[in-house]
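1. Requesting a structural model of the entry that follows:
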Amino acid sequence: MPCSLDLVSVTPLPAVAFGGHFARELGEMALPWQAEKAPDPRLLVLNEPLAGELGLDPAFLRTSDGLRLLVGNLVPPGATPVAQVYAGHQFGGYAPRLGDGRALLLGEVLGADGRLRDVHLKGSGRTPFARGGDGLAAVGPMLRELVLSEAMHALGIPTTRSLAVVATGRSVRRETSLPGAVLTRVASGHLRVGSVQYARATGDVDLLRRLADHAITRHHPGAAQAEHPYLALFEAVVATQAALVAQWMLVGFVHGVMNTDNMTLSGETIDYGPCAFMEAFDPAAVYSSIDERGRYAYGNQPVVAEWNLARLAEALLPLLHDDEEQAAALATEALGAFRQEYSAAWSAGMRAKLGLADGVDEKVSSPLIDELLTLLHQSHVDHTSFYRALGAAARGDTGPA
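-> Next comes the predicted model:
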């Protein structure tokens, strides 16, 4: 049931307007909720450049009211804090009702660049989707997400971003007692493959259509002009995910938990839990202690992405064609583009990393790349350091390479 907002202050904010588009347009997937009160909020990190992009005054965010905004205890006018509901395949098993167990979508803001972005809280307390969890987060993992997400952004890889980490003054019980924190996260949107799966599972085709329309408006507006907008939406998600996963592979990033609820429709990296940049090159590298079978190992990421997109296709079938067989045929054909688009993006990136001209024939570059990866694996070479050494060699220092 919706939670009362009586304990939350509602105060005007200087020069910024929040919106609640998701809460208004997709109320069936948005549960009004409030963040737990932070006893003693203290700012640990503020991403001032990102604040400026959002039109938020860094000086204000450092005030007591600003900190209360960053932990969800001050709700700006126009904002409607909600916990989003979604489904998802987790390690291959379908979970029909997941959702924001420890997170809230505070609202959307229009940035200085004219783009609408979500302001989202992580570690803000239990919601009805918490599934037995305490809804809280510790300082360490929230700082880690800030560092990793901003590193990905600096590398030019689409990602959710981190605006701030605020210590709450509350202890969080894990193996030991740890200081608690809230991460304020920013993204183009938080729609996931699992969001579409949830809408499809309700049997409400109108909800599914409104969700798809929302995704088109927010993330893939070009699809609205296509002859078949929902097929064009799926094709756009396939393309963005192919490009995204290729970029992960090129920098040695291992997501760790590529569940369908952790794959965005926007093509942004989301959920920096058990993830890492690979050290010694190994296609079997795994960074999740519960991934005992290596489902989400580094080398499996393109295959898993394609599998997740197949689940998205299944969820969108009612919008693709009235006849289920024809809908499936359209989806299968569109999904077939993933491997080609991924391969093209990855091959282009590898040629660039090796200093090969764009015009080098693939018959020349592919065997060279394959041999290199084999040598890296056999010799346990550090993935990142090798390419840095190769760059140094190109500048004349051939010793390290």
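
2. Strands of this protein, start to end?
-> Along the chain, the segments classed as strands by DSSP state E run 18-19, 30-32, 42-46, 82-84, 88-90, 93-95, 103-110, 116-122, 161-173, 177-187, 253-254, 276-277.

3. dump the residue contacts of the spatially closest residue to residue 45 that is not a sequence neighbour.
-> Nearest residue to residue 45 in three dimensions, chain neighbours excluded: residue 165, at 4.8 Å (Cβ to Cβ, 6 or more residues apart in numbering). For the C-beta atoms, the positions are set from N, CA and C on the backbone; glycine is no exception. Residues counted as contacts of residue 165 (Cβ atoms under 8 Å, 6 or more residues apart in numbering) are 44-45, 139, 142-143, 146, 181-184.

4. Report the two of those separated the most.
-> Among the contacts of residue 165, the pair separated by the greatest distance (Cβ to Cβ) is 139 and 184, at 13.9 Å.

5. Please say which of the two ends up with more neighbours.
-> It is residue 184, of residue 139 and residue 184, that has more neighbours when counted by other Cβ atoms under 10 Å, with 28 against 20.

6. Cross-check the contact I'm expecting between the more buried one and residue 66.
-> No - in this structure residue 184 lies outside contact range of residue 66 using Cβ atoms under 8 Å: 10.6 Å.

7. Check which helices and strands the lengthiest helix in the chain is in contact with.
-> Across the chain, the longest stretch assigned as helix under DSSP state H is helix 229-251. In terms of contacts (3 or more Cβ pairs under 8 Å, 6 or more residues apart in numbering; DSSP states H and E), helix 229-251 is packed against helix 205-219, helix 301-320, helix 324-335, helix 337-353.

8. With mean pLDDT and distance to residue 199 added, can I get those in a markdown table?
-> Shown next, in a markdown table, are the helices and strands packed on helix 229-251 (pLDDT from 0 to 100; distance: least, Cβ to Cβ, whole Å):
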| stretch | mean pLDDT | distance to residue 199 |
| --- | --- | --- |
| helix 205-219 | 97 | 4 |
| helix 301-320 | 98 | 7 |
| helix 324-335 | 96 | 16 |
| helix 337-353 | 96 | 22 |
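
9. how about residue 259, what does it touch?
-> Neighbour list for residue 259: 88-91, 194 [criterion: Cβ under 8 Å, 6+ apart].

10. Model confidence for it, exactly?
-> Per-residue confidence (pLDDT) for residue 259: 96.

11. coming back round to it: by neighbours, which of the contacts of residue 259 wins?
-> For those, the largest number of neighbours (other Cβ under 10 Å) sits with residue 194, at 29 neighbours.

12. Pretty sure it sits against residue 261.
-> Yes - counting by Cβ under 8 Å, residue 194 does reach residue 261; the two are 3.4 Å apart.

13. Please enumerate the shared neighbours of these two.
-> By the contact definition Cβ under 8 Å, 6+ apart, residue 194 and residue 261 are jointly contacted by 86-89, 98.

14. Backbone dihedrals for residue 35, please?
-> phi -70, psi 150 (degrees, to the nearest 10).

15. Leaving out sequence neighbours, find the closest residue to it.
-> Distance criterion Cβ to Cβ, 6+ apart; nearest residue to residue 35, sequence neighbours excluded, is residue 72 at 2.9 Å.

16. any idea how far residue 319 is from that neighbour?
-> According to Cβ to Cβ, to the nearest Å, residue 72 and residue 319 sit 34 Å apart.

17. and what of residue 184?
-> For residue 184, the distance to residue 319 equals 34 Å [Cβ to Cβ].

18. And residue 237, by the same measure?
-> Distance from residue 237 to residue 319, by Cβ to Cβ: 13 Å.

19. circling back to that earlier point, could the helices and strands packed on helix 229-251 go into a markdown table alongside mean neighbour count and distance to residue 292?
-> Shown next, in a markdown table, are the helices and strands packed on helix 229-251 (neighbours: other Cβ atoms under 10 Å; distance: least, Cβ to Cβ, whole Å):
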| stretch | mean neighbour count | distance to residue 292 |
| --- | --- | --- |
| helix 205-219 | 18 | 34 |
| helix 301-320 | 20 | 16 |
| helix 324-335 | 16 | 28 |
| helix 337-353 | 16 | 26 |
